[in-house]
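Enquirer: need a structure here:
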Amino acid sequence: MKKILILMSDTGGGHRASAEALRDAFHERYGARFQVEMVDLWIKHTPPPLNQVPKAYRFLVNDVPWLYQFIYGVGQRSEVIDPVMEAAARFLQPFIRRTIDAYGPDLIVSVHPLMQAIPLDVVAWMERAIPFVTVVTDLITIPPV
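Expert: Numbers count the residues shown, from 1 in each chain. You can find the predicted model right below:
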């Protein structure tokens, strides 16, 4: 049986719904040929305070939009965001690697922008050929991370 790991995060959008729709579609189309697992990587598999990122996102967008807009603007600058993402990937590598190893996926599917760059780096460092697919769920411009 092939294993599919869907990376998502509950940040208030339709990411969970997209992940559930993919899981259900695999089951409907292929039955028991695939084992599909959904994982909220940030909340369930990263240490504090990073496991609070989804809650912080909701707070920023809903309660402090000016601060969210500032952070979003900083995220557009590669000279700032690239070193931050590299440091985050290095720090989170053992946690994400442990998660990937535990699920042993044959395919990883991301349905959230924050579930791409860092997990992709970790998979590359693991030197394992795990196909990685991104499903775009927000048809908007996002920071280049």
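
Enquirer: what residues are up against residue 99?
Expert: 39, 41, 45 (C-beta atoms under 8 Å, 6 or more residues apart in numbering). (Glycine included, C-beta is placed from N, CA and C.)

Enquirer: compute the number of surrounding residues for the second one.
Expert: For residue 41, the count of nearby residues is 24 (other C-beta atoms under 10 Å).

Enquirer: spatially, what comes nearest to it if we skip its sequence neighbours?
Expert: Leaving aside its chain neighbours, residue 41 sits nearest to residue 7 (5.1 Å; criterion: C-beta to C-beta, 6 or more residues apart in numbering).

Enquirer: ok so the one you found is a helix residue?
Expert: No: judged by DSSP: H, G, I helix; E, B strand; the rest coil, residue 7 forms no part of a helix; its state is strand.

Enquirer: pretty sure it contacts residue 112?
Expert: Yes: between residue 7 and residue 112 a contact is recorded at 6.6 Å, counting by C-beta atoms under 8 Å.

Enquirer: which one's more surrounded, those two?
Expert: Ranked by neighbour count (other C-beta under 10 Å), residue 7 and residue 112 place residue 7 first, with 28 against 25.

Enquirer: report the beta-bridge partners for that one.
Expert: Residues in a beta bridge with residue 7, per DSSP bridges, are residue 39, residue 110.
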